[in-house]
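Peer 1: my questions concern the predicted model and sequence given below.
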Amino acid sequence: DKKLYRQYYNIVKFYEIIGSQYILLGTDKGIGAFHKLNTEKKRLNDCTIEEITPNVLNSYIVNRTSLQKRRGTIERELTFISNIFTNLKYFNEKYLSHDNPVLRIDKKLLSFSQKPKKRFFRFEEEQLEKYLSVIDSYSNKDMSHIVKLMLHTGMRRSEVVLLKWSQIYDSYIELETTKTDPRTVFLTKKAKDILTQIPKTPRQDRLFKYTVSGFEGSYTKLLKSHNMEDITVHKLRKEAVSNFIEQIGGQNSLLIAEILGITNIRHLEKTIKEAEKEHPTLDTQQGILKSIGHKNPSITSKHYFSLKKQS
């Protein structure tokens with residue numbers, strides 16, 4: 001299964017990054033300690049289980065902070081380390097009662113890490129026109145079809161690239177293998193028009209010949225050659241979701257739930273009401289976005305929605 005392999009590969013690579021970081025074996029956890037010649041330090045991968053104590057992980061946090069890593073990144077790395085200690089007992093019985101040092105780190109150290117930046121992005125009309133002209137000029141027309149489907153459906157890169165004709169019906173697409181849960185993607189008129197432009201190949205169920213990594217490589221190279229490398233494929237989904245909300249309006253919770261594949265409508269409406277109290281200037285938009293695309297509502301709000309700035 002290619003999706004499971006990619007997930008496995010990414011996890012392995014992430015652990016390799018974690019294990020290659022330097023930590024201190026003493027009790028000094030100040031940033032300056034990493035630059036002292038007589039300080040004993042080694043890579044986390046070279047430590048025994050017993051050597052990894054809360055103080056050692058405190059030095060790990062300090063080192064990552066000194067490298068200007070963001071708090072979210074460091075916390076995710078600590079979660080991966082914690083998972084190792086949680087599962088030790090399944091590999092060796094001597095670790096049945098072993099302490100998980102991640103649970104006793106000095107959490108105040110995380111407050112010194114880089115704060116996340118506000119990532120505002122919406123296409124301006126001229127910018128979108130120029131962007132699409134670059135995409136349309138590419139020799140492989142699959143590039144244009146994939147990008148436009150992302151813009152008009154809000155689907156993720158892998159969901160579009162690996163799309164099959166057998167998943168497509170008159171008014172919707174049935175997604176079984178997704179980043180989160182299986183869902184139905186309802187098709188707008190623009191999305192249907194794009195699908196009619198894609199030629200069907202006999203005995204070939206997939207719409208596109210690209211692999212996920214192959215599309216990513218071609219897309220990145222194309223945009224870089226036109227000085228547009230800041231428009232990542234992730235921003236296409238952000239733009240699509242924001243457009244859906246702006247066009248439909250926050251009051252139409254049933255319609256929004258259907259189009260964007262939200263199954264828990266009661267939770268959606270509850271989130272809208274809470275958002276109205278917390279963000280009166282955004283009306284119901286913010287509340288809706290908390291319920292779109294991820295199990296953690298805050299992720300959608302942070303990564304996908306930006307109101308267009310008025311000139």
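Peer 2: Yep, that arrived.
Peer 1: residue boundaries of the helices in the stretch 101-250 of the chain?
Peer 2: For the stretch 101-250 of the chain, the helices defined by DSSP state H, counting those that start in this stretch cover 125-136, 141-153, 157-161, 189-196, 212-225, 233-248.
Peer 1: tabulate these in JSON lines, adding columns for mean pLDDT and distance to residue 72.
Peer 2: Quick note: C-beta positions are derived from backbone N, CA and C, even for glycine. Converted to JSON lines, those look like this (pLDDT from 0 to 100; distance: least, Cβ to Cβ, whole Å):
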{"stretch": "helix 125-136", "mean pLDDT": "94", "distance to residue 72": "28"}
{"stretch": "helix 141-153", "mean pLDDT": "94", "distance to residue 72": "25"}
{"stretch": "helix 157-161", "mean pLDDT": "90", "distance to residue 72": "21"}
{"stretch": "helix 189-196", "mean pLDDT": "93", "distance to residue 72": "33"}
{"stretch": "helix 212-225", "mean pLDDT": "93", "distance to residue 72": "22"}
{"stretch": "helix 233-248", "mean pLDDT": "77", "distance to residue 72": "15"}
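Peer 1: among those helices, which is nearest residue 24?
Peer 2: Among the helices of the stretch 101-250 of the chain, the nearest to residue 24 by Cβ to Cβ is helix 233-248 (35.9 Å).
Peer 1: pull out the buried positions in the closest one.
Peer 2: 233, 235-245 (16 or more other Cβ atoms under 10 Å).
Peer 1: residue 67: which of these is nearest?
Peer 2: Nearest to residue 67 out of the buried residues of helix 233-248 is residue 235 (Cβ to Cβ; 25.8 Å).
Peer 1: which residues touch the closest one?
Peer 2: By Cβ atoms under 8 Å, 6 or more residues apart in numbering, the contact list for residue 235 reads residue 121.
Peer 1: if I look at it, how far off is residue 151?
Peer 2: Note on residue 235: its distance to residue 151, by Cβ to Cβ, to the nearest Å, is 10 Å.
Peer 1: ok, and what's touching stretch 6-15?
Peer 2: Residues contacting stretch 6-15 (Cβ under 8 Å, 6+ apart): 77, 80, 212.
Peer 1: out of everything not next to it in sequence, what's closest to residue 25?
Peer 2: Spatial nearest neighbour of residue 25, excluding adjacent residues (Cβ to Cβ, 6 or more residues apart in numbering): residue 40 at 4.7 Å.
Peer 1: now residue 162: phi and psi?
Peer 2: phi -90, psi 10 (degrees, to the nearest 10).
Peer 1: ok so, going back, could you dump the helices of the stretch 101-250 of the chain into JSON lines and include distance to residue 96?
Peer 2: Listed next are the helices of the stretch 101-250 of the chain as JSON lines, based on distance: least, Cβ to Cβ, whole Å:
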{"stretch": "helix 125-136", "distance to residue 96": "56"}
{"stretch": "helix 141-153", "distance to residue 96": "48"}
{"stretch": "helix 157-161", "distance to residue 96": "39"}
{"stretch": "helix 189-196", "distance to residue 96": "54"}
{"stretch": "helix 212-225", "distance to residue 96": "41"}
{"stretch": "helix 233-248", "distance to residue 96": "42"}
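Peer 1: so which of the ones you listed gets nearest residue 17?
Peer 2: Using Cβ to Cβ, the helices of the stretch 101-250 of the chain put helix 212-225 closest to residue 17, at 18.8 Å.
Peer 1: can you give me the buried ones in that closest one?
Peer 2: Buried residues in helix 212-225, defined by neighbour count with 16+ other Cβ under 10 Å: 212, 215-216, 218-219, 222-223.
Peer 1: circling back: identify the contacts common to residue 235 and residue 151.
Peer 2: Between them, residue 235 and residue 151 share no contacting residue under Cβ under 8 Å, 6+ apart.
Peer 1: nearest to residue 44, of the helices of the stretch 101-250 of the chain?
Peer 2: For residue 44, the closest of these is helix 212-225, at 28.4 Å, according to Cβ to Cβ.
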